[in-house]
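**Q** With the input below, show me the fold.
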Amino acid sequence: MHLKILEMISKKFIYLVLSLFSLNTFSQEKFTISGAITDADSNETLIGVNVSIPELKTGVTTNEYGFYSITLPKGNYTLVITYLGFQNVEEKIQLFQNTKKSFKLANSEQLLDEVVVTSNKKSTNIKTPEMSVNKLSMSTIKKMPVVLGETDVLKSILLLPGVTNAGEGQSGFNVRGGGADQNLVLLDEATIFNSSHVFGLFSVFNPDAIKDLKLYKGGIPAHYGGRASSVLDIYQKEGNSNSFHMNGGIGLISSRLLAEGPIMKNKGSFLIGGRTSYAHLFLKLANNDNSASFYDLNAKLNYKLNANNSLYISSYFGRDFFAISKEFQNTYGNSTFNLRWNHLFSEKHFSNLSAIFSDYYYGLTLTSVGFDWQSSIKNFNIKYDLKYYWNDKIKLNYGMNSNYYKFNPGTIEPLNANSSINYNQLDKKYAFEPSLYVAAEHQATQKLSFMYGLRYSMFYRLGPSKVNLYQNNQAVTFNDQLKIYEKGVPIGSKTYVHNEVITSFSNLEPRFSSSYVLNEKSSVKASYNRMVQYLQLVSNTASPTPLDIWTPSDQYIKPQIADQIAAGYFRNFKDDMYSLEIESFYKKVKNRIDYIDGADLIANNAIEQVILNGQLRAYGLELMLRKNTGKLNGWIAYTLSNSEQQTPGRSPNELGVNNGNWYKSGYHKLHNVAVTANYSFNSKWTFGGNFILQSGQPVTFPNGQYEYQGLVVPSYGARNASNLPLYHHLDLAATYVPKPEKRKGWQSEWVFSVYNIYNRKNAASISFRENQTSGENEAVKLSIFGAVPSVSYNFKF
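**A** All right, here's what the predicted structure looks like:
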């Protein structure tokens, strides 16, 4: 009953919206062909498969669950299905009634009966209005050499234009001059608040469990929200519903194992995978009391109830452990859970309802001081997404999302009765973030296509809470005599009860992108999007650390509002052997937080007293030249960009940060070059290589010194006016498959790699000290990695 009411309301809404621009839709009798596209080996659904109709020069792609639907005038057509890594399929169809047609795609070693099979290659889709989006297949990622021999999803996206990080061995990533906290990272729709293991050496994503990933740098669809810079959307595999399989790998630092198989053949499947490191065991053998290790677990169940309903359960749990002797112990990690229900109202109307839980936990024990500190952020999310395939020209997306957050900035407890530390619970915070969206994909003509939408987001900071009140509502004051910013002194406080609204915000977030096809090989595209970020990461480092604390927007800390425009030229040439993508962008972010000098961010129960609201701007040019076919393939990416931040004074007598002038942000990289290549020498040997060159990270160095009461005090100039040295390294890898002809039973491969083969000592930081012998000041460079060889053994059966 509820489903029928919902379907009736949805259809009335769709008719109302679409009648404004599709009055001629009913001029011909039309029918719909729909279905799912899966991997023939595993029955795994495939995301982003191209389904095209050459006769009408139109088509669609499968959604996140492998579903497609296209409505056409009745007649005879050729259905062409293409997907990277699989054989193309062509099949003749007679469309004289609504038809359900599903396909199983085979890899290059298999043949399909009763269809025409051709080779497939990756080329730029010039016709769709989607731009500033990069998709990487796991087969591509696994061939890239990375540090310590562990295939890494996050390290692979650093080879894309517009993507950098804070430096070697650093966690997170930066997109188009934005901060790492401005990226929304999703694993099966669940938010990942810290995406790294071992302080950035590894990512939390087990490559064997990953099915698909997509990075949105701009032109972000309306169903995404909550972050200012980008969206990294990652989906886990569903598991093989045909037969039981296992695969894994053994490396020098870590190992992994994954099992998958049917719950009921062709109706349901399971997947469970684990990964762990064991470097700490070698430290113990060497009588070293220090330790660093991690583990993570991935699990997924899915079951097809009937032709119109499917259930999915997916989860992730990961933990890191770090200890220095017995004095310092650190534990942190993510956990997620997602229950999803897919429902087909009709062959044209698809829906997905998700109930999601995310948790990020951080624990710190200092034995020498005698205290234990625990903090966390919990997220409860209900989202409902619907897609209506109106016809071959128009598709409508709409839905809702509601996030509830619980922030625990810190619970401090004494370790024992002799500790000098007293119990302290920092003020817990609560927030609710609901949103609605509607968007359309519209092929206006054979040459012109659009994606446009609107997201309406709301945010409520909720009680219970005790909120400080300040004079003139300013938690930070300016000292006119010393010309510095200082903590404001509360003039009182106000107590809010459970679920009472403390502060609220609401914003409209328009999204638009377009594509104009110049000819069969090239097009131009343009996009605009507004993104609003209501959660802020409190950190004074350019790279996220486990110690960083998330806090909600309130009357003192305003939400970040980002506007970005982009334009680009896209071309395939030489029979799609090569692809060229050129994009330029400009992004401006309001209310980017900054800190007063000497800000104390750890265990601060009044964090608003050290935060100022500023702005950020970034602009640049991105180029990507890709070779798609042949024994040698890969790409060259280059980015020329500028990222600056400004925090001006709030009144004429205030100086602002850096005297109110623009300064280079911590994410500024003027030049960024990335080259990756993969060469198939023969059926047994494949070689790969990466080369990365980036401008050094902006830093603030002392430009002088003076003596005060016998102490030497450094003096500093403009903020981030200096740079670390140029950053670059070359990585090489070789993959050996002993028995490439073997397709069943035990299959294996060896992967040999060298990270930073010419042993470049890249600077992670530069500090200054007095030389004990000469008494002169000297700069000391800290480098994390030199050349790092590794070997790993991968297997499946």
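**Q** pLDDT weak spots in the stretch 151-300 of the chain?
**A** Applying pLDDT under 70 to the stretch 151-300 of the chain picks out residues 169, 280, 282-288.
**Q** Mind jotting down where the helices sit in it?
**A** 153-157, 279-285 (DSSP state H, counting those that start in this stretch).
**Q** How far does stretch 253-261 sit from its chain's centre?
**A** 23 Å (C-alpha atoms, centre = their mean, to the nearest Å).
**Q** That stretch: which residues count as buried?
**A** Burial within stretch 253-261, assessed by neighbour count using 16 or more other C-beta atoms under 10 Å, is assigned to Ile253, Ser254, Ser255, Arg256, Leu257, Leu258, Ala259, Glu260, Gly261. For the C-beta atoms, the positions are set from N, CA and C on the backbone; glycine is no exception.
**Q** Identify the residues contacting the nearest residue to the fourth one once chain neighbours are set aside.
**A** Ranked by C-beta to C-beta, 6 or more residues apart in numbering and with sequence neighbours excluded, the top spatial neighbour of Arg256 is Arg275, at 4.0 Å. Each residue near Arg275 by C-beta atoms under 8 Å, 6 or more residues apart in numbering is listed here: Asn206, Ser254, Ser255, Arg256, Leu257, Tyr295, Asp296.
**Q** Report the separation between the spatially most central residue of the chain and Tyr278.
**A** When C-alpha atoms, centre = their mean is applied to the chain, the residue found nearest the centroid is Leu232 (2.5 Å). According to C-beta to C-beta, to the nearest Å, Leu232 stands 28 Å off from Tyr278.
**Q** can you tell me the helix or strand for Trp676?
**A** I think there's a mix-up here, since residue 676 is Thr and not Trp. strand 671-680 (DSSP states H and E).
**Q** can I get the CA coordinates of that strand in PDB?
**A** Output in PDB follows, covering the C-alpha atoms of strand 671-680 (Å, rounded to 0.1, in the frame of the first residue of the first chain):
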ATOM      1  CA  HIS A 671      53.200  22.500 -11.000                       C
ATOM      2  CA  ASN A 672      52.100  18.900 -10.800                       C
ATOM      3  CA  VAL A 673      53.200  16.300 -13.400                       C
ATOM      4  CA  ALA A 674      52.200  12.700 -13.300                       C
ATOM      5  CA  VAL A 675      53.100  10.000 -15.800                       C
ATOM      6  CA  THR A 676      51.900   6.400 -15.600                       C
ATOM      7  CA  ALA A 677      52.500   3.600 -18.100                       C
ATOM      8  CA  ASN A 678      51.900  -0.100 -18.400                       C
ATOM      9  CA  TYR A 679      53.600  -2.300 -21.000                       C
ATOM     10  CA  SER A 680      52.400  -5.900 -21.700                       C
END
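**Q** buried stuff in the very next helix or strand once past that strand?
**A** Next along the chain after strand 671-680, taking DSSP H and E as the criterion, comes strand 685-694. Across strand 685-694, burial judged by 16+ other C-beta under 10 Å covers Thr686, Phe687, Gly688, Gly689, Asn690, Phe691, Ile692, Gln694.
**Q** What segments of the stretch 51-200 of the chain are strands?
**A** 58-61, 67-73, 75-82, 88-95, 99-100, 103-105, 116-118, 133-136, 163-164, 174-175, 183-187, 190-191, 196-197 (DSSP state E, counting those that start in this stretch).
**Q** Tell me the strands beside the last one, with direction?
**A** In the sheet, strand 196-197 lines up against strand 202-203 (antiparallel) (DSSP bridges).
**Q** again with the fifth one
**A** Strand 99-100 pairs in its sheet with strand 30-39 (parallel), by DSSP bridges.
**Q** can you give me the mean pLDDT across the partner strand?
**A** In this model, strand 30-39 has an average pLDDT of 88.
**Q** now do stretch 782-797
**A** Mean pLDDT, stretch 782-797: 87.
**Q** about what we covered before: now do the strand holding Thr676 against strand 685-694, angle only.
**A** Put simply, strand 671-680 runs at 180 degrees to strand 685-694, going by axes from the mean of the first three to the mean of the last three C-alpha atoms, to 10 degrees.
**Q** And the strands in the stretch 551-700 of the chain, which stretches?
**A** So, for the stretch 551-700 of the chain - with DSSP E, counting those that start in this stretch - the strands run 560-573, 578-595, 611-627, 632-646, 663-664, 671-680, 685-694, 698-699.
**Q** export the ones you listed to CSV and tack on mean pLDDT and distance to Asp372?
**A** Output for the strands of the stretch 551-700 of the chain, formatted as CSV (pLDDT from 0 to 100; distance: least, C-beta to C-beta, whole Å):
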stretch, mean pLDDT, distance to Asp372
strand 560-573, 96, 33
strand 578-595, 94, 27
strand 611-627, 95, 27
strand 632-646, 95, 36
strand 663-664, 94, 38
strand 671-680, 94, 42
strand 685-694, 93, 39
strand 698-699, 90, 34
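**Q** mind giving me TSV with those and columns for distance to Gly453?
**A** TSV is the format used below for those (distance: least, C-beta to C-beta, whole Å):
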stretch	distance to Gly453
strand 560-573	15
strand 578-595	19
strand 611-627	23
strand 632-646	27
strand 663-664	34
strand 671-680	30
strand 685-694	34
strand 698-699	36
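**Q** List the neighbours of stretch 700-715 that are in contact with it.
**A** Tyr716, Gly717, Ala718, Arg719, Asn720, Ala721, Ser722, Ile766, Phe768, Glu770, Asn777.
**Q** Cool, thanks, talk later.
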